[in-house]
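Undergrad: Could you look at this predicted model? Sequence included:
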Amino acid sequence: VTLTLVDKEVATPDQPIEGTLWVVDGIVTGDAVSSVPAGVIASIKIVDGNAEVRFGCNSGGGPVTVTADTLTFGPMISTKMACEPGAMAMEAAVSTVLTGEVGYSIDADVLTLDAGANGLILRAAP
């Protein structure tokens, strides 16, 4: 039996911040991580300096500047539908994080957004 070890970065390389559809997998508040409400989908895709956002209920987006470890979001616009409480809670969490300068890190297919006391954990869509 031959066992060949492969470096993690080779086996599962970091996905690019731009051009990847990132789907929210967890909501960070303080030291706690909450799961996404059942049936609710929120996502972000950054393309050519713009963030295309599905907030959980509404959709929209706005300008974003990308550096090596920060994203700086400009004013976001979105549709204004009312939805069930779980989707509205997700929308509030996403809107809170996607404001101003946000730290980020990528580990393989996981994107972590850190806006201080609030954050999001996202996974690259297959």
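TA: Ah, there it is.
Undergrad: Residues in contact with the longest helix along the chain: which ones?
TA: The longest helix of the chain (DSSP state H) is helix 85-97. Residues outside helix 85-97 that contact it (Cβ atoms under 8 Å, 6 or more residues apart in numbering) are 24, 27, 29, 36-40, 42, 44, 53, 55-58, 76, 82-83, 113, 115, 118-120. For glycine as for every other residue, the C-beta is placed from the backbone atoms N, C-alpha and C.
Undergrad: Let's see that with 7 Å instead.
TA: Helix 85-97 is contacted from outside by 24, 27, 36-37, 40, 42, 55-58, 113, 115, 118-120, using Cβ atoms under 7 Å, 6 or more residues apart in numbering.
Undergrad: Same check on stretch 71-78?
TA: Contacts of stretch 71-78 (Cβ under 7 Å, 6+ apart): 51, 53, 55, 58-65, 98-102, 104.
Undergrad: Which positions in that stretch come out as buried?
TA: Residues of stretch 71-78 classed as buried: Leu71, Phe73, Met76, Ser78 (neighbour count, 16 or more other Cβ atoms under 10 Å).
Undergrad: quick revisit: between the contacts of helix 85-97, which sits nearest Pro13?
TA: The shortest gap between Pro13 and any of the contacts of helix 85-97 belongs to Leu113, at 19.9 Å (Cβ to Cβ).
Undergrad: Which stretches in the chain count as helices?
TA: Assigned by DSSP H, the helices in the chain fall at 8-11, 85-97.
Undergrad: surely Ile106 meets Pro13?
TA: No - assessed by Cβ atoms under 7 Å, Ile106 is found out of contact with Pro13, at 9.8 Å.
Undergrad: So those two - more neighbours on which side?
TA: Ile106 (18 against 12; other Cβ atoms under 10 Å).
Undergrad: what's near enough to touch the more buried one?
TA: Taking Cβ under 7 Å, 6+ apart, we find Ile106 in contact with Asp14, Gln15, Ile17.
Undergrad: Contact partners for the last one?
TA: By Cβ under 7 Å, 6+ apart, the contact list for Ile17 reads Ile46, Val66, Tyr104, Ile106.
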